[in-house]
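Trainee: quick one: sequence plus predicted model below, questions after.
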Amino acid sequence: MAETVESPKLTGNMFLFESPELMNKETHSKLGFQAAEKNFSYCAKARAIPITVSEIMIAMKDYPIIFLNRENPAPLAVMGIVDEVNLFVDEDGKWESDKYIPGYVRRYPFGVASEDSGERLAIVIDTAYEGLKEGGEFPLFENDEPSASTQQAIEFCKAFEQDRIATNGLGERLNQLELIQGQSAQFTPQGAEEQKTFAEYFGVDEKKLQELSDEQFLELRKAGILPLIYAMMMSMSNWRVLLQRRARRFNMTETDILNRVDN
C-alpha cells in the first residue's frame, strides 16, 4: 500500500483570511476564479488595513496612517471609526472608485507564509473567497503548474513581502528615536466649548521630531524617511473626513457619532 503523504499545515491567523490554506496542486488543482458578486465584501468590516512603506505617499491622500502599536510598529491605513465598518466599501461590496486600494487587499485571496526559520516562503490562498470555485473560469493550475494568472499573483505576493520587510525597518527606526507616541483625534462639536476625542492611536509625534538632534534629523533625510514622516503627519487631516463620511453613511450628525464614542 502506498504511503499517504500529509500536506503541510498552516498555523496562526491571517488578517482578512477566513480559511487560509497553503496552495498546492494536490488540493487545489480543480479550483479557479470567477467574478465575485461582492468583490470586496471580505474586508467590509476592516477598520484599518496594513500598508507598506512604498504605499504611504499615495495612501496618505485618502486615509489617516497610523501604527498598530509601539511593540509592532506596522503602518495601517484607517478605513473606519467607532465600529467595525470599512467606510470605503459599499453595500454592494465595491471599493469607492477614486480611492486607493492597499496592496494587502489587491493581493487577496493570495498571501504569503514563511517557515519558522524564515528561509522559505509559501503561497497561501483563502479557500473561503467568494470568487474561488471548483471549475472556475480562470484555473489556479494548468498542466500541474500554476497558471499564468496564478503566477502573476505569486510574483505580486513576493514583491509585497519584500516591501513588507523594508517596512519593518521603518517602524524599528522610528521606535529607536521614540517618535511613535500615543495620540488622539479630536473634534469640537457645533456649539460646544471643549473638544471631544473620537479616536486614539499611535502616530508620529511632531514635538519628538522637532527635538531630534541635527545628526539624527540628517540621518532620516539621507535614509529617505523624512518624506514618509511628513506624509503620515499630513494624513491626520483625514480623521475629520472619516467622521464626515461615517455621518453620511449612517445618516447621523457628527455630534451623534461623538455621543456614541462616549457610550
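Mentor: Cool, got the structure. Not measured: the values here are computed from a predicted model.
Trainee: residue ranges with poor pLDDT in this protein?
Mentor: Within the chain, the ranges that satisfy pLDDT under 70 run 1-12, 36-38, 115-120, 190-192, 257-263.
Trainee: select the longest helix from it.
Mentor: helix 148-176 (DSSP state H).
Trainee: next helix or strand past that one?
Mentor: As assigned by DSSP states H and E, the chain's next helix or strand after helix 148-176 is strand 180-187.
Trainee: give me the distance between the longest helix of the chain and the centre of its chain.
Mentor: On the basis of C-alpha atoms, centre = their mean, to the nearest Å, helix 148-176 sits 12 Å off its chain's mean C-alpha point.
Trainee: what angle do that helix and strand 180-187 make?
Mentor: Compare the direction of helix 148-176 with that of strand 180-187 by axes from the mean of the first three to the mean of the last three C-alpha atoms, to 10 degrees and you get 100 degrees.
Trainee: what helices and strands are in contact with helix 148-176?
Mentor: Applying 3 or more C-beta pairs under 8 Å, 6 or more residues apart in numbering; DSSP states H and E, we find helix 148-176 packed against strand 75-78, helix 103-107, strand 110-114, strand 121-126. The C-beta positions use only the backbone N, C-alpha and C, and glycine is treated the same way.
Trainee: report the buried residues of that helix.
Mentor: Within helix 148-176, the residues that count as buried by 16 or more other C-beta atoms under 10 Å are Thr150, Ala153, Ile154, Cys157, Phe160, Glu161, Arg164, Thr167, Leu170, Gly171, Leu174.
Trainee: that older thread, for Lys133, find the nearest of the helices and strands packed on helix 148-176.
Mentor: Relative to Lys133, the nearest member of the helices and strands packed on helix 148-176 by C-beta to C-beta is strand 121-126, separated by 12.7 Å.
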